[in-house]
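Trainee: Below is the sequence, then the predicted model.
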Amino acid sequence: MSIRLRLFAILSFTLYSIRCSFAILHNVTYDNLDPSVTYLPQGGDGWDVDIKEGLDYEGSHAVASGDPDASAVFQFTGVAVYYFSPLWPYNVSTVVSLDGGNNITVNLMDMSATPASVGSPPTASSAARYGFTGLSNSSHTLSMFVLQGLNYSDPNVNGYIVVDGFKCVPPITCSNYDLISVSCIA
């Protein structure tokens with residue numbers, strides 16, 4: 001085999017390896033209006049799913065408030081997921097749970113903003129507020145619901161579920177790429 005052909009074969013393999021190394025993970029983002037998000041009760045009763053306030057991911061977010069039975073479910077496949085939301089100048093939180101695991105309360109109050117009355121618009125742009133990493137590469141369910149144990153008979157108490165966006169990290173394997181084959185004729 002000539003030296004040029006050997007160099008070509010080595011270079012081809014090296015480029016293929018580098019391409020696979022850099023393509024192992026990529027992010028996929030989803031908005032609150034994506035069909036992979038399900039709002040419960042069925043039909044989204046109690047939900048406002050297209051609120052546009054300017055600081056949202058992709059231009060809108062969804063909110064359910066005051067309904068202890070409301071929830072949202074996001075179905076995805078991947079090795080990580082990040083929950084996105086803007087922040088508000090008053091007490092807002094959403095509970096998230098992955099695959100029926102522990103409930104995690106995500107505080108969505110903007111502590112750097114001047115406190116404002118309930119119903120004021122967000123004061124901080126949507127960003128990742130909580131993430132689950134190191135997941136198996138399989139189907140997962142991210143559930144969002146209101147904080148339980150609130151006294152909903154008190155008019156000053158209001159539970160929230162905020163759904164704005166998600167970023168998932170599904171792996172890409174080199175098998176997704178065409179293999180470079182080098183044939184040698186001596």
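Mentor: That came in fine, so what should we check first?
Trainee: What ranges in this structure fall below the confidence cut-off?
Mentor: Low-confidence segments of the chain, defined by pLDDT under 70: 1-26, 43-44, 149-158, 172-186.
Trainee: Please give me every residue in contact with the residue sitting nearest the centre point of it.
Mentor: When Cα atoms, centre = their mean is applied to the chain, the residue found nearest the centroid is residue 166 (1.9 Å). Residues counted as contacts of residue 166 (Cβ atoms under 8 Å, 6 or more residues apart in numbering) are 29, 30, 74, 76, 81, 82, 83, 84, 142. Using the backbone N, CA and C atoms, a C-beta is placed for each residue, glycine as well.
Trainee: Would you mark the buried spots in the host helix or strand of the second one?
Mentor: Going back to what we said before, that points to residue 30. In this structure, residue 30 sits in strand 28-31 according to DSSP states H and E. Using 16 or more other Cβ atoms under 10 Å as the test for burial, strand 28-31 gives 30, 31.
Trainee: Stretch 87-97 now?
Mentor: Buried residues in stretch 87-97, counted by 16+ other Cβ under 10 Å: 87, 88, 89, 90, 92, 93, 94, 95, 96, 97.
Trainee: Beta-bridge partners for the second one, please?
Mentor: Pointing back at residue 88 there. residue 109 (DSSP bridges).
Trainee: same thing with the last one?
Mentor: Judged by DSSP bridges, the bridge partners of residue 97 are residue 143.
Trainee: was I right about it contacting residue 106?
Mentor: No: using Cβ atoms under 8 Å, residue 97 makes no contact with residue 106, being 10.8 Å away.
Trainee: Residue 134 is in contact with residue 80, correct?
Mentor: Yes: with contact defined as Cβ under 8 Å, residue 80 reaches residue 134; the gap is 7.3 Å.
Trainee: More neighbours: those two, which one.
Mentor: Using other Cβ atoms under 10 Å, the more surrounded residue of residue 80 and residue 134 is residue 80, with 18 against 6.
Trainee: Tell me how many other residues surround the closest residue to the more buried one other than its chain neighbours.
Mentor: Closest residue to residue 80 apart from its sequence neighbours, by Cβ to Cβ, 6 or more residues apart in numbering: residue 169 at 3.9 Å. For residue 169, the neighbour count with other Cβ under 10 Å is 19.
Trainee: quick one, strands of this structure?
Mentor: Per DSSP state E, the chain carries strands over the ranges 28-31, 37-40, 47-51, 61-65, 71-78, 81-87, 93-98, 104-107, 124-132, 138-145, 160-163, 165-168.
Trainee: what lines up beside the second one in the sheet?
Mentor: Right, the one you point to is strand 37-40. Applying DSSP bridges to the sheet, strand 37-40 is found paired with strand 71-78 (antiparallel).
Trainee: what angle sits between the partner strand and strand 138-145?
Mentor: Angle, strand 71-78 to strand 138-145, by axes from the mean of the first three to the mean of the last three Cα atoms, to 10 degrees: 160 degrees.
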